[in-house]
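>>> The sequence isn't on hand, but the structure is:
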């Protein structure tokens, strides 16, 4: 376990206990920072890198049940039962179908889809005791729109919709919601490194005519996990500038 906090500031038990998997970089980091700014107690899982200031960091690989259980135990001991779970951890192994190995497929599905199942199952224990909870699954425009070279990734991200809707039918009466947020193209170091011609090709397919900032995804995630969205569950919310037209 690794924890960073502002020097000289005592820890305060305010806000909700929030856990973001894969929360120390990219979209996951933006989501974690958004909840932190909202006054919540934020924990993240990570596999490498640093833990952002003010957050509780727990090293965990979502493909390992023992590590998932240990991570939740650390968070529960420090912040209390997880009230908001953001299943964000994911990987890619992009290649065309005929070059894609079975390991390329199963590794991506195990992390992105089965990994989400593992953390949801573990989080549901505390949520059921509390009789409340918010679960948000981070999918992708490619999960329902499709993308060449991403059969494994698209399959894993599409599967999250089935999880959210089935879970809504199972636990909806217990005050627990489960929704999917599906980002499109986001401004990241990876997109910035793409050749200008490739960036323009992507941009030409987006009605908004621009890539999104990670904060724009984070704002939607924070809102759908709020009390204002208490009657929304099993929904897929695209944040893609109109690329998928709601899928």
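Okay, I see it. Everything numeric in this text was worked out from a predicted model, so none of it was measured.

>>> which residues of this protein fall in strands?
Assigned by DSSP state E, the strands in the chain fall at 2-3, 17-21, 41-46, 56-59, 84-87, 133-138, 176-183, 236-239.

>>> what would those look like in a markdown table with mean pLDDT, distance to residue 200 and mean neighbour count?
To be clear about C-beta, it is placed using only N, CA and C from the backbone, and glycine gets the same treatment. Output for the strands of the chain, formatted as a markdown table (pLDDT from 0 to 100; distance: least, Cβ to Cβ, whole Å; neighbours: other Cβ atoms under 10 Å):
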| stretch | mean pLDDT | distance to residue 200 | mean neighbour count |
| --- | --- | --- | --- |
| strand 2-3 | 56 | 41 | 14 |
| strand 17-21 | 98 | 33 | 28 |
| strand 41-46 | 98 | 34 | 27 |
| strand 56-59 | 98 | 38 | 21 |
| strand 84-87 | 98 | 32 | 28 |
| strand 133-138 | 98 | 27 | 26 |
| strand 176-183 | 97 | 20 | 25 |
| strand 236-239 | 96 | 21 | 20 |
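
>>> Could you work out which of the ones you listed reaches nearest to residue 196?
Proximity to residue 196, assessed across the strands of the chain by Cβ to Cβ, is greatest for strand 176-183 (22.2 Å).

>>> what is the orientation angle of the closest one with strand 133-138?
Interaxial angle, strand 176-183 versus strand 133-138 (axes from the mean of the first three to the mean of the last three Cα atoms, to 10 degrees): 20 degrees.

>>> Could you list every helix and strand in contact with strand 176-183?
Applying 3 or more Cβ pairs under 8 Å, 6 or more residues apart in numbering; DSSP states H and E, we find strand 176-183 packed against helix 115-130, strand 133-138, helix 141-145, helix 151-171, helix 214-224, strand 236-239.

>>> which residue packs closest to residue 149, ignoring adjacent ones?
Closest residue to residue 149 apart from its sequence neighbours, by Cβ to Cβ, 6 or more residues apart in numbering: residue 94 at 4.7 Å.

>>> one step back: I'd like the strands of the chain written out as a markdown table, with distance to residue 106 added.
Shown next, in a markdown table, are the strands of the chain (distance: least, Cβ to Cβ, whole Å):
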| stretch | distance to residue 106 |
| --- | --- |
| strand 2-3 | 30 |
| strand 17-21 | 19 |
| strand 41-46 | 21 |
| strand 56-59 | 23 |
| strand 84-87 | 19 |
| strand 133-138 | 20 |
| strand 176-183 | 22 |
| strand 236-239 | 25 |
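
>>> nearest to residue 151, of these?
Per Cβ to Cβ, nearest to residue 151 of the strands of the chain: strand 176-183, 17.3 Å.

>>> Kindly calculate the angle that the closest one makes with helix 151-171.
Computed by the same axes, to 10 degrees, the angle between strand 176-183 and helix 151-171 is 160 degrees.
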